[in-house]
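Asks: coordinates for the following, if possible.
(chains A and B)
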Amino acid sequence: MPTSGSSFGAAVWAILRKECRSEWRTRYGLNAALLFAVTTLTAVSFAVGRLGDRTDLLAALLWVVLLFASLVSLSHAFVREVEAGTLTLLRLVAAPTAIAFGKLAFNLLFLTVLELITVPLFMILMGGPPPRWGAFLGVLALGSLALASSSTLVGAVIAQTRGRGALFAALCLPILLPMLAAAVSGTRAQWQAASAGAEMRLLASYAAAVLAASVLLYDHLWED
Amino acid sequence: MSAVAAVPGLAATLDAEGLHHRYRLGRGLEPVSFSLSAPGAAAVTGANGSGKSTLLRIVAGLLRPTGGTCRLAIDGAAITVGQCRERVGFASPDLSFYDELSVEENLKFAAEARGLRDVLRSVGETLDLIGLGSRAPERVATLSSGMKQRLRLGFALLHQPAVLLLDEPGSHLDEPGRTLVRTTIERHRRSGLVVFATNDEQEWRLADQRIELRGGGLGHPA
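Replies: Below is the predicted model of the structure:
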């Protein structure tokens, strides 16, 4: 059967579209993530009011909310395939690396949608000072890339194990700690009119290292 | 050319030597050796647990064997696990589809992920062949087990594979469905290679060769 030139690109694109369609129909992750983000922000807002110039607290709170709102869904990228028995179908139509990059692309898109709703809500409820948009969006984008790439990799590794929920947390949180620290520091720095360049370089390096490890590892995953 | 015929002119050979597998929790496939070549069909038979599905999963590139060799070649050139996705069609009862997507969307996804050029035509012809044209917009979750089995057959045929691997192809099917399986095997064996696991005598009589697995299992019929 004739195939198009770039089967890797075609597979990644097909998997991204399939993930979007499935999520749109089931709202498996987005509803839970948004519920967590809105509930947390509303509760903290009622408890402590607007934090105003407490940029250290604001930066930490923003990333804690984004991290825990997204993790539940990001961890399920592969677990859903295993539980629904569709991983065999995926493996028959695409290379492991293409599957992983398709999932990563979806996780990035998912994080973007989550942030589009959560960040403005955060600004309104917590009363943060106006950000320096270039640095703020830079830290947000690189932090999201680092978060999505590491949680996608860990999700792929633990997908076929028993007790995968506990294993995901046990593996993911230590791995994410450097990324989380850099993202919080960078977000605080841009609010304090300091340079966030070092943190952005750290986040970019972290994401690049995880992606490189992913490319090496994905082909060896998912064997019975 | 029909979207569901084997690719013409591709001489497929499948050779196994001492091929065996052990799962972590128990036996899988006792050592087996055979040599098959296209055009033709081979039936893999044996009692439950003798390793029929394991053998097909190894050939499809889904499972790395514990020992022995399995060499699938097209026109004399051995194909890699990656090339298996393009050259081999695989269907088994434990192959699941996305319940939230329609029948057509599942096949479209498979065709797009495989990078097929004429996705709509391939999907349309496959749906017509397996008799699910009228159910194309319905979600897979609403299908009966027999219809899902037809969909598995369509999934295996979608990309015109040179080698067709069918695990218990007649399971869950009514008589028209079984006729569809037999017709598919008959058609594909003329130009490609079909290997199918079955204990249905009507089905294994379609084969030129029979690979009987004797290891493991719960016992063999006399």
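Asks: show me where chain B has its helices.
Replies: B:52-59, B:81-87, B:103-113, B:119-130, B:145-157, B:175-191, B:201-204 (DSSP state H).
Asks: out of those, which is closest to residue A:68?
Replies: For those, the distance to residue A:68 is smallest for helix B:103-113, at 31.2 Å, taking CB to CB. Using the backbone N, CA and C atoms, a C-beta is placed for each residue, glycine as well.
Asks: run the angle between that closest one and helix B:119-130 for me.
Replies: Following axes from the mean of the first three to the mean of the last three CA atoms, to 10 degrees, one obtains 130 degrees for the angle between helix B:103-113 and helix B:119-130.
Asks: quick one: residues in contact with helix B:103-113.
Replies: A:10-11, A:13-15, A:17-18, A:21, A:89-90, A:92-94, A:98, B:97-98, B:101, B:119-120, B:122-123, B:126-127, B:132, B:135-140, B:143, B:151, B:154-155, B:158-159 (CB atoms under 8 Å, 6 or more residues apart in numbering or on different chains).
Asks: how many neighbours does residue 116 have?
Replies: Let's take chain A. For residue A:116, the neighbour count with other CB atoms under 10 Å in any protein chain shown is 10.
Asks: oops, wrong one, chain B.
Replies: Per other CB under 10 Å, the neighbour tally for residue B:116 reads 25.
Asks: partners of it in the sheet?
Replies: residue A:3 (DSSP bridges).
Asks: would you confirm that it contacts residue B:122?
Replies: Yes - judged on CB atoms under 8 Å, residue B:116 makes contact with residue B:122 at a distance of 5.4 Å.
Asks: and the closest residue to residue A:118 other than its chain neighbours, what helix or strand is that in?
Replies: Distance criterion CB to CB, 6 or more residues apart in numbering or on different chains; nearest residue to residue A:118, sequence neighbours excluded, is residue A:37 at 4.5 Å. Taking DSSP states H and E as the definition, residue A:37 sits inside helix A:30-48.
Asks: any idea which of the helices of chain B gets closest to residue A:149?
Replies: When the helices of chain B are compared (using CB to CB), the closest one is helix B:103-113, at 21.2 Å.
Asks: just to revisit the earlier point, for the helices of chain B, give me CSV that also has mean neighbour count and mean pLDDT.
Replies: As requested, the helices of chain B are exported to CSV (neighbours: other CB atoms under 10 Å in any protein chain shown; pLDDT from 0 to 100):
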stretch, mean neighbour count, mean pLDDT
helix B:52-59, 24, 95
helix B:81-87, 19, 86
helix B:103-113, 24, 97
helix B:119-130, 20, 96
helix B:145-157, 22, 97
helix B:175-191, 17, 93
helix B:201-204, 16, 86
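Asks: among the contacts of helix B:103-113, which ones are buried?
Replies: A:10-11, A:13-15, A:17-18, A:21, A:89-90, A:92-94, A:98, B:97-98, B:101, B:119, B:122-123, B:126-127, B:132, B:135-136, B:139-140, B:143, B:151, B:154-155, B:158-159 (16 or more other CB atoms under 10 Å in any protein chain shown).
Asks: so is residue A:214 in a helix, a strand, or just coil?
Replies: Using DSSP: H, G, I helix; E, B strand; the rest coil, the secondary structure recorded for residue A:214 is helix.
Asks: excluding sequence neighbours, find me the nearest residue to it.
Replies: residue A:153 (4.9 Å).
Asks: contact partners for the one you found?
Replies: Shown in contact with residue A:153 (CB under 8 Å, 6+ apart): A:100, A:210, A:213-214, A:217.
Asks: separation between the closest residue in space to residue A:105 that isn't next to it in sequence and residue B:169?
Replies: Spatially, and ignoring its direct neighbours in sequence, residue A:105 is nearest to residue A:16 (4.6 Å; CB to CB, 6+ apart). For residue A:16, the distance to residue B:169 equals 32 Å [CB to CB, to the nearest Å].
Asks: comparing those two, which shows the higher neighbour count?
Replies: Comparing residue A:16 with residue B:169 by other CB under 10 Å, the one with more neighbours is residue B:169, at 28 against 18.
Asks: circling back: verify the contact between the residue nearest to residue A:105 and residue A:108 for me.
Replies: No - Residue A:16 lies out of contact with residue A:108 (CB under 8 Å); the separation is 9.5 Å.
Asks: near chain A, which residues of chain B are found?
Replies: Contact residues (CB under 8 Å from any CB of the partner chain) of chain B with chain A: B:3, B:7, B:23, B:57, B:60, B:62-64, B:82, B:85-86, B:90, B:92, B:94-101, B:105, B:109-110, B:112-118, B:122, B:155, B:159-161.
Asks: can we see that at 6 Å?
Replies: B:63-64, B:82, B:90, B:95-96, B:98, B:100, B:109-110, B:112-117, B:159-160 (CB under 6 Å from any CB of the partner chain).
Asks: which helices and strands does the helix holding residue A:37 pack with?
Replies: Under the contact criterion of 3 or more CB pairs under 6 Å, 6 or more residues apart in numbering or on different chains; DSSP states H and E, helix A:30-48 touches helix A:55-84, helix A:96-126.
Asks: the longest one: what's the following helix or strand?
Replies: Using DSSP H and E, the next helix or strand after helix A:96-126 towards the C-terminus is helix A:133-158.
Asks: so what's the gap between the next helix or strand after that next one and the chain middle?
Replies: Using DSSP H and E, the next helix or strand after helix A:133-158 towards the C-terminus is helix A:164-191. Averaged C-alpha coordinates place helix A:164-191 at 11 Å from its chain's average position (CA atoms, centre = their mean, to the nearest Å).
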